[in-house]
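**Student:** Next one to model:
(one chain, ligands or ions: 1)
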Amino acid sequence: MSARGPGTGAAVVLAGPPPPVALANHSCDPNAEVVFACDAGGARATLRALRPIAPGEEVVHSYIRRGGNSHMTTARRIQLRGHRRRGRRSSGRSTASTAAAGAVRPPPR
Ligand SMILES: C[S@@+](CC[C@H](N)C(=O)[O-])C[C@H]1O[C@@H](n2cnc3c(N)ncnc32)[C@H](O)[C@@H]1O
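**Tutor:** Next up, the predicted model:
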């Protein structure tokens, strides 16, 4: 995959039927997004750059819907960081068991 265009957010970096788009991995800090279109030409999934992508940089998109729950991704990252810190200090309780014990709360709305 290669990035083209000025990286203004409008550049199409990869287009085609689903298989090429399906090769893109997930990132919580995506540099591209998938745009779906369906018209007389048929159905298309396109990867569009969200920012400049350097040659050789992996093109990644978020498997989680942007906007609607991206704030939850950030909140979840902060939560996990806190759990890791507490996990190191805790007396024998692993991060996973801390989470299983109900210590993970949903992010505030
Ligand atoms: C749509 S495919 C992406 C392309 C896949 N990596 C491949 O080589 O065919 C989704 C799968 O890729 C892997 N994947 C996606 N994002 C990843 C990431 N950030 N780190 C590791 N594996 C990832 C997971 O196995 C996931 O089920």
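**Student:** V34: neighbouring residues, count only.
**Tutor:** The local packing of V34 (other Cβ atoms under 10 Å) involves 18 other residues. Bear in mind the C-beta positions are built from the backbone N, C-alpha and C, glycine included.
**Student:** Spell out the secondary structure type for R65.
**Tutor:** Secondary structure state of R65, per DSSP: H, G, I helix; E, B strand; the rest coil, is coil.
**Student:** where does it sit relative to the ligand, distance-wise?
**Tutor:** Going from R65 to the ligand by Cβ to the nearest ligand atom, to the nearest Å gives 16 Å.
**Student:** go on, P20?
**Tutor:** Distance of P20 to the ligand, computed by Cβ to the nearest ligand atom: 10 Å.
**Student:** My guess is A32 contacts P52. True?
**Tutor:** No - counting by Cβ atoms under 8 Å, A32 sits too far from P52 to count as a contact (11.2 Å).
**Student:** I figured A37 hits V21, correct?
**Tutor:** No - using Cβ under 8 Å, A37 makes no contact with V21, being 11.9 Å away.
**Student:** who has more neighbours, these two?
**Tutor:** V21 (21 against 11).
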